[in-house]
Every structure is written in structure tokens, then in C-alpha cells.
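>>> let me see the structure of the following:
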Amino acid sequence: MRTAFPDTPSPLAIAHRGGALLAAENTAAAFRAAAAAGAEMVETDLRLSADGRLVCLHDADLARIAGDRRRVADTDLATLRALLPGLLTLEEAVAASEPLGLLLDVKLPEPAILPPILAILAAAGASRRCVLGLRETSLLAAARALAPGLALLAFAAAPDAVAQARDAGAGWFRLWQADADESRIDAVRAAGMRCVVMVGQPRSVALPGYPAFPVGRVDADGLRRILALGPDAVMLDDPRLLVAARAVTGLSPS
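You can find the predicted model right below:
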């Protein structure tokens with residue numbers, strides 16, 4: 001990712017779900033608002049529709065976002081579009097995010113999903129500005145074998161699974177805000193990887209020990225604490241907060 005963005009500030013501002021506090025999540029409108037706010041990258045989620053299209057939706061079902069109990073995997077693209085007019089396919093997300101970086105949070109565990117994702121990125125000439133976010137070491141290893149030059153981010157469940165992520169081919173490692181401390185970020189760096197801090201809670205039901213904000217949300221004090229640790233990127237719903245904080249602290253391109 002640094003090769004594609006050599007002169008960007010550090011930490012990078014990654015707009016979570018495209019910038020979920022700026023416009024409807026995972027939509028082209030959110031991407032545009034994130035770009036206008038100064039984000040260097042947008043993150044979006046990938047699932048598969050019933051008719052085999054890669055679509056940018058976070059949840060496994062449509063209950064939260066559309067008031068419909070059907071699962072994304074059981075619903076075809078036309079029906080999804082009728083429920084969610086702003087829905088993006090991966091092809092559309094790649095086009096709508098240009099020239100920003102694009103972090104793809106792949107919600108699917110099957111290795112068979114990797115070739116179509118990689119083919120879409122390659123066809124659009126977007127591989128250099130994309131980062132593939134995967135949760136399983138087996139998927140990381142499979143992606144590394146298929147696309148040796150693609151940036152991979154480990155969405156590891158365990159905050160200390162750094163060596164496993166590195167050995168599987170990841171160049172980036174995600175830490176939740178509550179898990180991010182100097183020793184863990186040092187461990188990520190010692191492994192030759194870069195660190196992304198995800199703000200807020202990892203679950204819809206609040207967990208003790210985590211900040212009192214839902215996923216993607218952070219307050220000024222929490223952001224100051226994160227910046228003091230010196231991560232390479234911060235992922236949050238409102239990238240304006242990070243852009244403003246970088247200006248105040250005088251952080252410069254790295």
C-alpha cells in the first residue's frame with residue numbers, strides 16, 4: 001500500500017464502511033464524502049448474492065440495513081438493488097473508490113471466492129491500490145499464492161496472532177482499539193508488517209474493557225491515545241476526525 005501511496009500522511013485515514021457517518025454505508029455517496037473529507041482509503045465489505053455477484057454489504061442478512069430478514073446469500077442482485085438502491089457490486093466499488101485506496105473486508109471463508117475478486121481487481125487495473133482483508137490464515141496463504149504482489153491485511157481474531165499472519169503472507173495486521181498498545185504495535189512492526197487500528201466495539205453487544213462506542217466510532221480522547229501509539233492507519237466511520245487530529249498534531253507524510 002505504501003508503494004501506491006508513498007507521500008500520504010501517517011496514520012492513513014481509512015473510512016470504515018466507506019464512511020458510515022458521512023452517508024449511507026458502503027455506497028458511492030459515502031466514498032465521495034470520504035474523499036472530500038480527506039481520507040486516503042475507503043473500506044467496504046464483500047458478500048456473495050444468490051446469483052453469484054460480489055456485493056458490498058456488511059451483514060449476513062438485510063434486517064438492520066433494509067428491515068428484511070432474508071440473508072444476502074439467498075437473495076439475488078435485482079432484489080438486493082430494489083431494497084437498497086445504493087448497493088454497489090465489487091466492480092462498481094472499484095470504480096467509485098478511484099483514486100483512493102480500497103480495503104476489501106471479505107466476509108466469506110471459502111478460498112473459491114478469491115479468484116473472482118482478484119480477476120475483478122486485475123481487470124480494472126486496481127490491484128496496486130487495493131488491500132484484501134481476510135480472517136483465516138488459510139485464506140491469506142491462498143491469496144498470497146494467487147497474487148504475490150497484492151497487499152493483504154489480517155483481520156485476526158486474536159490480537160497476538162502476528163507471527164501466524166506474517167507466515168501466511170499478510171503485510172498488514174488489524175488491532176482493535178482496546179487491544180492496541182505499544183507492545184503489540186511493536187510486535188507487528190518487528191514482524192515486518194504495518195498496523196491498522198480499528199476503533200470502537202467489536203460486537204453489537206458491548207464488551208467490558210472496550211471503549212463505550214459502537215464499531216467505527218471514537219471520541220477525541222480515544223483518538224489521541226491511538227495516535228500516541230503511532231499506528232500506520234486508523235479505521236473509523238468519520239475520517240474527518242483523524243484528518244483534523246493529524247493537522248493539530250503536525251503529523252507529516254512518511
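
>>> skip the chain neighbours and tell me the closest residue to Asp51.
Asp76 (4.4 Å; CB to CB, 6 or more residues apart in numbering). For the C-beta atoms, the positions are set from N, CA and C on the backbone; glycine is no exception.

>>> show me where the stretch 51-200 of the chain has strands.
For the stretch 51-200 of the chain, applying DSSP state E, counting those that start in this stretch gives strands covering 54-55, 101-106, 130-134, 151-154, 172-176, 194-198.

>>> Pro116 is nearest to which of those strands?
Counting by CB to CB, Pro116 lies closest to strand 54-55 out of those; the figure is 6.6 Å.

>>> quick one on the thing from earlier: and the residue nearest to Asp51, its phi and psi?
Main-chain dihedrals, Asp76, degrees, to the nearest 10: phi -80, psi 170.

>>> next, count neighbours for it.
13 (other CB atoms under 10 Å).

>>> give me the distance between the residue nearest in space to the middle of the chain and Met235.
Against the mean C-alpha coordinate of the chain, by CA atoms, centre = their mean, the closest residue is Glu43 at 3.7 Å. Distance of Glu43 to Met235, given as CB to CB, to the nearest Å: 6 Å.

>>> hey, what's in contact with both of the two?
Counting by CB atoms under 8 Å, 6 or more residues apart in numbering, the residues touching both Glu43 and Met235 are 14-16, 103.

>>> of the residues you listed, just say which sits nearest to Glu182.
The closest of these to Glu182 turns out to be Ile14 (CB to CB; 21.1 Å).

>>> quick one: that closest one and Asp238 touch, right?
No. Taking contacts as CB atoms under 8 Å, Ile14 lies outside contact range of Asp238: 11.6 Å.

>>> neighbour count: the two, which is higher?
Remark: of Ile14 and Asp238, Ile14 carries more neighbours, 26 against 23, as counted by other CB under 10 Å.

>>> would you say that one is within a strand?
Yes. Per DSSP: H, G, I helix; E, B strand; the rest coil, Ile14 lies within a strand segment.

>>> correct me if wrong: Leu236 contacts Val196.
No. Taking contacts as CB under 8 Å, Leu236 lies outside contact range of Val196: 10.8 Å.

>>> all helices for the stretch 1-150 of the chain, in order.
Using DSSP state H, counting those that start in this stretch, the helices assigned to the stretch 1-150 of the chain run over residues 28-37, 63-66, 77-83, 90-97, 114-123, 137-146.

>>> and of the ones you listed, who's closest to Arg184?
Nearest to Arg184 among the helices of the stretch 1-150 of the chain is helix 137-146 (18.0 Å), distances taken as CB to CB.

>>> who's in contact with the closest one?
For helix 137-146, the surrounding residues in contact (CB under 8 Å, 6+ apart) are 106, 109, 111, 114-115, 118, 132, 134, 150, 152, 154, 161, 164-165, 167-170.

>>> that one versus strand 101-106: what angle between them?
Per axes from the mean of the first three to the mean of the last three CA atoms, to 10 degrees, the angle that helix 137-146 makes with strand 101-106 is 130 degrees.

>>> so who does Leu108 touch?
46-48 are the contacts of Leu108 under CB under 8 Å, 6+ apart.

>>> cool, and Arg70?
So Arg70 contacts 61-62, 79 (CB under 8 Å, 6+ apart).

>>> phi and psi next, for it.
phi -70, psi 150.

>>> where's it relative to Leu83, distance?
In terms of CB to CB, Arg70 sits 9 Å off from Leu83.

>>> ok, Cys130 next?
27 Å.

>>> and if you look at Gly67?
Gly67 is 9 Å from Leu83, by CB to CB.

>>> can you tell me what sits against the lowest-mean-pLDDT helix or strand in the chain?
Using mean pLDDT, DSSP states H and E, helix 239-249 stands out as the lowest-scoring helix or strand of the chain, at a mean of 92. Here helix 239-249 makes contact (CB under 8 Å, 6+ apart) with 9, 11, 13-15, 19, 22, 34, 37-39, 218, 220, 223-224, 227, 234, 236.
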